[in-house]
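Undergrad: what would the 3D arrangement of this be:
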Amino acid sequence: MKKYMIAWACCISMVAMLAYAQDDGFQMATVASIEKLANDGKSSGDLDRYKISMRMGDVVYVCRANAPASNFMEWISGKQFPAKESGKLLLVKNPNGQIVQLDIASKKKPR
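TA: Next up, the predicted model:
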């Protein structure tokens, strides 16, 4: 019984820590689509161009990003990441804690 109480206390602590970590204005956003675009010759050779749609709440953000492919290795449709809007940027936290900046091209409310 004592082991179950300790396990239960650990679970409650973990949930509390996760809730606290989400309190910095970030909320969960879902990758609706991600598409690697052809390089236009203007960007650096080590950066790739992406068109990314993310759904956060009842808004779909259509974004553009120039970043190394390693930033988007785990990004697939349906995967969720913590994100927040900051002016014309959508700031998204990768699983490793790195924040990826996406330029917001447009915002839409789905029908």
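Undergrad: going by C-alpha atoms from here, please, whenever you check contacts or count neighbours.
TA: Fine.
Undergrad: bridging across strands, which residues link to Tyr50?
TA: Tyr50 has these beta-bridge partners by DSSP bridges: Lys36, Ala65.
Undergrad: ok, now how distant is it from Pro95?
TA: Here the distance between Tyr50 and Pro95 works out to 19 Å (CA to CA, to the nearest Å).
Undergrad: next one: Ser70
TA: In terms of CA to CA, Ser70 sits 12 Å off from Pro95.
Undergrad: and what of Pro68?
TA: Pro68 sits 16 Å away from Pro95, going by CA to CA.
Undergrad: who's more crowded, these two?
TA: Pro68 (15 against 11; other CA atoms under 10 Å).
Undergrad: ok, the more buried one - contacts?
TA: Contacts here follow CA atoms under 8 Å, 6 or more residues apart in numbering; on that basis Pro68 touches 46-48.
Undergrad: cutoff 6 Å now
TA: 47-48 (CA atoms under 6 Å, 6 or more residues apart in numbering).
Undergrad: now Cys11
TA: With contact set as CA under 6 Å, 6+ apart, Cys11 has no partners.
Undergrad: offset the numbering so it begins at 41, please.
TA: Yes, from this point I'll number from 41; that puts the last item at Cys51.
Undergrad: from Lys128, how far off is it?
TA: Relative to Lys128, and taking CA to CA, Cys51 is found at 37 Å.
Undergrad: over to Asp86?
TA: Plainly put, Asp86 is 24 Å away from Lys128 if you go by CA to CA.
Undergrad: and if you look at Ile52?
TA: Distance, Ile52 to Lys128, by CA to CA: 37 Å.
Undergrad: likewise Arg89?
TA: In terms of CA to CA, Arg89 sits 18 Å off from Lys128.
Undergrad: more neighbours: which of these two?
TA: Between Arg89 and Lys128, Arg89 has the larger neighbour count (other CA under 10 Å), namely 18 against 13.
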